[in-house]
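**Q** got a predicted model here, sequence first, then my questions.
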Amino acid sequence: LRCFALAVKGGRALTRGKAGVISASRGVAILRAAPAPVRPRQVHGPMFRQIFGSRLQHPDAEVRRQAVADLEGDDPRLIEIALADASDAVRLEAVRRATEPGALASALQRPSLPARIREEVLDRLTSVLCKPVADEQDEAQRVECVEQLNEPLLLRARLTGADSPRLRASALARTDDQQQLAQVAAGDPSGRLRLAALERVTEEGALETIAREARNRDKGVARAARERVEGMRAARERLAEGERLCEQIERLAQSALEAADEAAFQHLEQRFAKWSTAVAGNEDLQQRYERHRDALQQRLLSRAALRR
């Protein structure tokens, strides 16, 4: 406490200060502190907005970037700045500040968005969508946002890391990329999503990835993937066997007939009957074999008639 005067008379102390006269007693001075000064309350009124807005329009890009950094994440001006500012640094700052998935998604639909900024918007939107959901309403809004997007695989792939199973399911439903489906089938925390992804995998290489990577997480998924790989290999072998049978009957039908050819023909017939039962529905090979078989039968009948 700063005092302007201190008088002492007959052992009595009298104190005066900015806060006024406090009290006096013999040999004791009792001081009372002045009330703390009241700071003026900051009010973001029209004047503040005018000054702050002028910073967003400042000719110096660095000043604009700093002004953008002070904006709230849900400020609608962020997306407009990301779309229209002349400086890439300012635009990128605006994208990185934005937290509204709907606004970011709408920015992706703008054809005027440069490729580099689009990539940043995509990264930011993915990051926002993949954060833990606050409640059911928040989750529903994010799912709706994903369902309305018409973006390529890039976004849908990244969303497989989303916290919400509903969001991951929504993203997964919109991709046919085999490696992405394999990644979900092998490693998604949700067993339901792992199975759903596995059902949509059709490529042998992707199934091999699942069989290898899922064996420590989900033995059922790994086993199912392995069985499908084995089934594909068996189907390939059956197809190759059909090709071999067709080639053999074709050579036999076009060769000079010998006594042993009739027995060879009967053996081919038995093999083909067994093969056609295993691969019912392969009409091309079926017709090819039957065409050469009919020609061979006709030749065998003609030769038998000549022998009589």
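**A** Now that the structure is in, tell me what you want to look at.
**Q** can we go C-alpha only for contacts and neighbour counts from here?
**A** Will do.
**Q** now stretch 180-198: how far from the chain's centre is it?
**A** Remark: stretch 180-198 is offset 13 Å from the chain centroid, using Cα atoms, centre = their mean, to the nearest Å.
**Q** mean confidence (pLDDT) on that stretch, please.
**A** Per-residue pLDDT values over stretch 180-198 give a mean of 91.
**Q** could you pull out the buried residues of that stretch?
**A** Residues of stretch 180-198 classed as buried by neighbour count (16 or more other Cα atoms under 10 Å): 180-188, 191, 193-198.
**Q** one more: stretch 75-87?
**A** 75, 77-79, 81-83, 85, 87.
**Q** state the helix or strand in which residue 86 lies.
**A** Assigned by DSSP states H and E, residue 86 falls within no helix or strand.
**Q** touching, residue 99 and residue 73? I think so.
**A** Yes. Between residue 99 and residue 73 a contact is recorded at 4.9 Å, counting by Cα atoms under 8 Å.
**Q** as CSV, the buried residues of stretch 75-87 with secondary structure and pLDDT would be great.
**A** Shown next, in CSV, are the buried residues of stretch 75-87 (DSSP: H, G, I helix; E, B strand; the rest coil; pLDDT from 0 to 100):
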residue, secondary structure, pLDDT
75, coil, 93
77, helix, 93
78, helix, 93
79, helix, 89
81, helix, 92
82, helix, 90
83, helix, 88
85, coil, 91
87, coil, 92
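**Q** how about JSON lines for these, with distance to residue 267 added?
**A** JSON lines is the format used below for the buried residues of stretch 75-87 (distance: Cα to Cα, whole Å):
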{"residue": "75", "distance to residue 267": "81"}
{"residue": "77", "distance to residue 267": "81"}
{"residue": "78", "distance to residue 267": "78"}
{"residue": "79", "distance to residue 267": "75"}
{"residue": "81", "distance to residue 267": "79"}
{"residue": "82", "distance to residue 267": "75"}
{"residue": "83", "distance to residue 267": "75"}
{"residue": "85", "distance to residue 267": "80"}
{"residue": "87", "distance to residue 267": "79"}
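**Q** wait, which of those residues is closest to residue 287?
**A** residue 83 (61.9 Å; Cα to Cα).
**Q** can you tell me which residues contact that closest one?
**A** Residue 83 is in contact with 91, 107, 112-113, counting by Cα atoms under 8 Å, 6 or more residues apart in numbering.
**Q** just residue 268 next, same as before
**A** Contact analysis of residue 268 by Cα under 8 Å, 6+ apart lists 245, 249.
**Q** give the other helices and strands that the host helix or strand of residue 206 contacts.
**A** Using DSSP H and E, the element containing residue 206 is helix 204-213. On a contact count with 3 or more Cα pairs under 8 Å, 6 or more residues apart in numbering; DSSP states H and E, helix 204-213 meets helix 178-187, helix 219-254.
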